[in-house]
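# I need the structure of the sequence given here:
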Amino acid sequence: MVFKKMLSAFGVGGPTVDTVLSNPNTRPGLFLDGHVNLRGGETEARIEQISLALVTQVEVEGGGSEYTGVMEFHRMPVAGAMQLAPGQQMSIPFQLPVPWETPITDVYGQRLRGMTMGLRTELAVARAVDKSDLDLVSVHPLPVHEKILEAFSRLGFQFKKADVERGHIRGVRQTLPFYQEIEFFAAPQYAHAIKEVEVTFVTNPHTVDVVIECDRRGGMFGGSHDTFGRYVVEHANVDQVDWTRLVDGWISQMVTHYGNQFHPGNQFHHGAPSFHGHQGHHGGRGRGPGMGAVVGGAALGFAGGMIAGEMMDGMFDDDGGDEGFDE
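Numbering: from 1, shown residues only. Purely as a prediction, here's the structure:
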């Protein structure tokens, strides 16, 4: 028995954990539901805590260098201290709220190139190696996100890639320590003035801040620079807005005027234009519309620039537990 306890302390023959999601697809402001399944090992184990955490890949800049790391941005305890007998099986239900600012990983049923999102389960075992499990999560756009992205596609902008960058945008209220950038190649009618466009959504239960960065081409007497605009739209009357015309107006305004420039550190300059639009209200106690509307509508060529993200073994930190993305 002493030998088995010693092995358990090194993670051999100890308890195991496996999280099963009812549906790995969600939206900002909705929930992830499922069960955490435990199985006792060869000896009795004292579980100190079971926690769930959302994690994603984030680009970090600092000290003149740039690197990509994995960042946890939302955590919730599922269960506290308990005893788990040898071979005992236990299933613990959970409902994890998804933050409104959670980055989008999928559009029209396809993974955005550059995006990775996972739900990590951590099983803290007293006097033993902790166990963990990692499950792939797909975050689909809210209707306002989808309408704006669709408008870019209708205007001829071609999707390039998406990433998540650590930092805050000055002038925009953020609750998470990072923001997502969805990048497009310029549409033909704007190619003379700009090379690329980056779109950032900072979402809350009532409105969405849409921050647009245009990579302007250099003129005869100066090099290229970035122009920024900030526009605020509401979660009301989504189907009553001509989003293509609205987005075209945003870009035209930014191309016509030099606008404001960011300083290093991705901070937003004050004085950018603001538009208070309207978009469909979410029903059901603020949980948003059902998942049935997530991938509806024509892709309009937007999906043509996307590929399924690769889930590579070892991409997330390995702490000795049974870890990996479940299919």
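# Please count neighbours and contacts with C-alpha atoms only from this point.
Noted.
# the domain parsing of the chain - what is it?
In terms of domains, the chain is parsed into 2-140, 143-289 (source: automatic domain parsing).
# With mean pLDDT and mean neighbour count added, can I get the ones you listed in CSV?
Compiled in CSV, the domains of the chain are given as follows (pLDDT from 0 to 100; neighbours: other C-alpha atoms under 10 Å):
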stretch, mean pLDDT, mean neighbour count
domain 2-140, 88, 18
domain 143-289, 78, 18
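# Residue 247 - that's part of a helix, no?
Yes - using DSSP: H, G, I helix; E, B strand; the rest coil, the assignment for residue 247 is a helix.
# Contacts only, for the residue lying closest to it once chain neighbours are set aside.
With C-alpha to C-alpha, 6 or more residues apart in numbering as the measure, residue 151 is the residue that lies nearest to residue 247, at 6.6 Å, once sequence neighbours are left out. The contact partners of residue 151, taken as C-alpha atoms under 8 Å, 6 or more residues apart in numbering, are 243-244, 247.
# Go through the residues you listed and name the one nearest residue 66.
Distances from residue 66 to the contacts of residue 151, taken as C-alpha to C-alpha, are shortest for residue 247 (31.5 Å).
# Return the distance of stretch 100-107 from the chain's centre.
4 Å (C-alpha atoms, centre = their mean, to the nearest Å).
# Same check on stretch 130-137?
Centroid displacement of stretch 130-137 relative to its chain, using C-alpha atoms, centre = their mean, is 17 Å.
# What residues does the residue nearest the centre of the chain make contact with?
For the chain, the residue whose C-alpha lies nearest the mean C-alpha position (C-alpha atoms, centre = their mean) is residue 103; its distance is 2.2 Å. Shown here is residue 103, whose contacts under the criterion C-alpha under 8 Å, 6+ apart are 28, 139, 164, 179-180.
# again with residue 206
Applying C-alpha under 8 Å, 6+ apart, the residues contacting residue 206 are 234-235.
# Residue 58 now?
Neighbours of residue 58 in contact, by C-alpha under 8 Å, 6+ apart: 68-71, 163-166, 178.
# Check residue 207 too.
Contacts of residue 207 were listed using C-alpha under 8 Å, 6+ apart, and they are 232-235.
# Who does it form a beta bridge with?
Residues in a beta bridge with residue 207, per DSSP bridges, are residue 234.
# how near is the closest residue in space to residue 21 that isn't next to it in sequence to residue 20?
Residue nearest to residue 21 in three dimensions, not counting chain neighbours: residue 34, with 4.2 Å by C-alpha to C-alpha, 6+ apart. Separation of residue 34 from residue 20 (C-alpha to C-alpha, to the nearest Å): 6 Å.
# can you check residue 213 too?
As it turns out, when the distance is counted by C-alpha to C-alpha, residue 213 lies 39 Å from residue 20.
# before we move on, what about residue 33?
Counting by C-alpha to C-alpha, the gap from residue 33 to residue 20 is 9 Å.
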